[in-house]
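Student: After the sequence you'll find the predicted model.
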Amino acid sequence: MIGYVTLGTNNKDRTAKFYDDLLGVMGAKRSMETEKFVAWGTSPTAPMLFIIKPADGKPATVGNGVMVALAAKNRAEVDAVYKKAMALGAKDEGALGDRGDNFYAGYFRDIEGNKLCVFFMG
């Protein structure tokens, strides 16, 4: 159902490098890029993640209550993505672990302050 998600950025080059390294762990690559945004995906038909400079020209800010959840293939990929995020300077928002039946996840904030979750159900 979701086609893509956008996250605001105030430093496109720095944030793009963060996501090149982070999403590469999941097999995603840059799929679109302009002077205002960069997008990553795993295939032309799969959902994408964008970083974008706000269209109104104002600084990007973090939305309270907004979170992007990245679906991993297995627990090992959850671990790898979460650990890569920490190595790239992300901030912990909930360490790796089980959260209820069949839900394994780790939560973090990217270098712009956006909250993400990487999870596996199963």
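Tutor: Right, received. Where do you want to start?
Student: phi, psi of the residue sitting furthest away from the middle of the chain?
Tutor: Farthest-out residue of the chain from its mean C-alpha position, per CA atoms, centre = their mean: residue 101, at 23.7 Å. Main-chain torsions, residue 101, degrees, to the nearest 10: phi -70, psi 130.
Student: ok, now how distant is it from residue 119?
Tutor: According to CB to CB, to the nearest Å, residue 101 and residue 119 sit 13 Å apart. (Glycine included, C-beta is placed from N, CA and C.)
Student: all strands for the protein, in order.
Tutor: Secondary structure of the chain (DSSP state E): strands at 4-8, 29-33, 37-41, 48-52, 68-71, 91-98, 103-109, 115-121.
Student: Number of residues surrounding residue 59?
Tutor: 10 (other CB atoms under 10 Å).
Student: Do I have it right that it meets residue 10?
Tutor: Yes - counting by CB atoms under 8 Å, residue 59 touches residue 10, with 5.6 Å between them.
Student: residues near residue 34, how many?
Tutor: 10.
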